[in-house]
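[1] have a look; sequence and predicted model below, questions after that.
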Amino acid sequence: MSRTAYRNHPTWWAFAIHRVSGVALAAFLPAHFWALGLALESEAAFDGLLRWTAHPVLKLVETGLVVLLAAHLAGGLRVMTIEFFAWNAGQKNAVALSAFFALAAGLLFLLNAVA
Amino acid sequence: MGTIEVRVWRGTAEGSYQSFAVPRRANQTVLDLVTYIQRTLDPTLAYRFACRVGMCGSCAMTVNGKPRWTCRTHVARLDGDVMTIEPLKNLPVVKDLVADLAPFFDKWAKAEGSFKPTAAPGSDFVVVKPDTAARVAADAGIECIGCAVCYSACDVAAWNPDYLGPAALNRAWTLQNDVRDGGKAARLSAVAGDAGCHACHTQQSCRAHCPKGLNPSAAIAGLKRAALGALLKGEL
Ligand code: HEM
Ligand code: SF4
Ligand code: SF4
Ligand code: FES
């Protein structure tokens, strides 16, 4: 038996992923702004950064970020849909659809990155 | 049929688990286990029940980590030979398996969870057609037995001690859909505050565990829409 057994259902996991992805995106945001700032400051420095991000490990990290953003976007749209439209079911399909969208977005990005 | 090891919470906020070996029986409920312990093994065990048929809402406890109505939870449907029974979460513990429901019902009052009549005494019955949208919405939440299972399952209730909780908000939404009720404006401002409907994150643990199969998160979504609508019209 687990003290958190009551949480083990699709919509709770959807919430957990939404929170974790939201916080992770917020943590990444300063790095994103820094990179954009660099582009304004000097072309050479920005190109250096872009070369650095061409490394396969970084492509994987970027894929992770894309999945996080896609998961957060789809999850957020899911929450707003169920809060603003009439519905009554367990929302398993909506959770599955959001997860599918996030993974598909990540896969597309990865395929683009290696191609 | 063998025995089952039942680990029972003893104490209040501080305490420990005590194990009892309880013989299995056909059609045995979790409430039967607890009653066997109290009548046969240890008369000092405190627990609560009344109707034994799923009507009164007084027997809810945490069983293997999930809140449940114990009188209608069959032991045979739960896996394993060890069962852990604790009082409901998110409420003070009076003793052993008895949670204090006073904060839970105080929040129903705070959410204006009672009917405010508009008709004069002695006036004729109001006719409410069963297929009207408001009647259907009220019907969806009307069967609540006040067991606090949803409240015990709700993380927001755990994180924010002021959160009104799924049951009180479900009741409020039911009354917002009662065409005879005259307290709608006051009720909407009571539930639209910081610790009201907007605090809910739509985790739906309430829906996942409500023994009556109700969906308090849908009711809360209704309140969120109603509050937004009233705000846009300048009524809130
Ligand atoms: C892409 C479009 C986005 C949409 C549609 C969206 C939507 C939402 C929604 C609806 C919520 C409320 C969830 C709830 O009630 O539990 C939320 C929470 C949150 N969002 Fe976003 N969001 C987006 C982008 C972002 C970005 C870029 C960040 C990071 C900077 C972010 C960070 C957060 C955080 C930290 C939370 C709080 C999570 C929680 O309380 O569980 N969001 N988002
Ligand atoms: S849907 Fe809202 S009220 Fe229900 S358990 Fe989740 S946070 Fe609590
Ligand atoms: S909504 Fe369901 S779980 Fe919550 S108090 Fe009512 S009957 Fe119990
Ligand atoms: S004893 Fe009444 S609902 Fe369980």
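    Sure, I can see it. Numbering: from 1, shown residues only, chains lettered A, B, ... in the order given. Ligands and ions are numbered 1, 2, ... in the order given.
[2] who's in contact with the residue nearest the centre of chain A?
    Chain A has residue A:68 as the residue nearest its centroid, 1.3 Å off, counting by C-alpha atoms, centre = their mean. Contacts for residue A:68 were tallied using C-beta atoms under 8 Å, 6 or more residues apart in numbering or on different chains; they are A:21, A:24, A:25, A:28. The way it works is simple: take the backbone N, C-alpha and C, and place the C-beta from them, glycine included.
[3] tell me the predicted confidence for the last one.
    The confidence metric pLDDT takes the value 92 at residue A:28.
[4] likewise residue A:33?
    Reading off the per-residue confidence, residue A:33 sits at a pLDDT of 89.
[5] can you tell if the helix or strand hosting it touches ligand 1?
    With elements taken from DSSP states H and E, the one containing residue A:33 is helix A:10-41. Yes. With C-beta under 6 Å from any ligand atom as the criterion, ligand 1 is reached by helix A:10-41 at A:15, A:18, A:19, A:22, A:23, A:25, A:26, A:29.
[6] make CSV out of the residues you listed and add neighbour count and distance to ligand 4.
    Formatted as CSV, the entries for those read as follows, by neighbours: other C-beta atoms under 10 Å in any protein chain shown; distance: C-beta to the nearest ligand atom, whole Å:
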residue, neighbour count, distance to ligand 4
A:15, 20, 29
A:18, 21, 34
A:19, 13, 34
A:22, 15, 39
A:23, 12, 40
A:25, 16, 44
A:26, 9, 44
A:29, 10, 49
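[7] could these go into JSON lines alongside distance to chain B?
    Formatted as JSON lines, these follow (distance: C-beta to the nearest C-beta, whole Å):
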{"residue": "A:15", "distance to chain B": "4"}
{"residue": "A:18", "distance to chain B": "8"}
{"residue": "A:19", "distance to chain B": "8"}
{"residue": "A:22", "distance to chain B": "11"}
{"residue": "A:23", "distance to chain B": "14"}
{"residue": "A:25", "distance to chain B": "17"}
{"residue": "A:26", "distance to chain B": "17"}
{"residue": "A:29", "distance to chain B": "22"}
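[8] still on that earlier bit, could you give the angle of the helix or strand following the helix holding residue A:33 to helix A:10-41?
    Past helix A:10-41, heading to the C-terminal end, the next element that is a helix or strand (DSSP H and E) is helix A:43-53. Taking axes from the mean of the first three to the mean of the last three C-alpha atoms, to 10 degrees, one finds helix A:43-53 and helix A:10-41 inclined to each other by 150 degrees.
[9] and the following helix or strand past helix A:43-53, which residues are buried?
    Toward the C-terminus, helix A:43-53 is succeeded by helix A:56-84 as the next helix or strand (DSSP H and E). For helix A:56-84, burial by neighbour count (16 or more other C-beta atoms under 10 Å in any protein chain shown) applies to A:59, A:63, A:65-75, A:78-79, A:82-83.
[10] contacting residues for the closest residue to ligand 4 within chain A?
    Closest contact between chain A and ligand 4, by C-beta to the nearest ligand atom, is at residue A:6 (18.4 Å). Remark: with contacts taken as C-beta under 8 Å, 6+ apart, residue A:6 is in contact with B:65, B:66, B:67, B:152, B:153, B:205, B:208, B:209.
[11] which of those residues sits closest to ligand 2?
    residue B:205 (4.0 Å).
[12] tell me who's in contact with the closest residue in space to the closest one that isn't next to it in sequence.
    Spatial nearest neighbour of residue B:205, excluding adjacent residues (C-beta to C-beta, 6 or more residues apart in numbering or on different chains): residue B:153 at 4.1 Å. When the contact criterion is C-beta under 8 Å, 6+ apart, the partners of residue B:153 are A:6, B:66, B:67, B:89, B:205, B:206, B:208, B:209.
[13] equivalent analysis for residue B:149, please.
    Contacts of residue B:149 by C-beta under 8 Å, 6+ apart are B:60, B:67, B:68, B:69, B:88, B:209, B:210, B:211.
[14] among those residues, which are within reach of ligand 4?
    Of the entries in these, those that also sit close to ligand 4 under the rule C-beta under 6 Å from any ligand atom are residue B:69.
[15] tell me the two of the contacts of residue B:149 that are most distant?
    Among those, the pair separated by the greatest distance (C-beta to C-beta) is B:88 and B:210, at 13.4 Å.
[16] no more questions from me, cheers.
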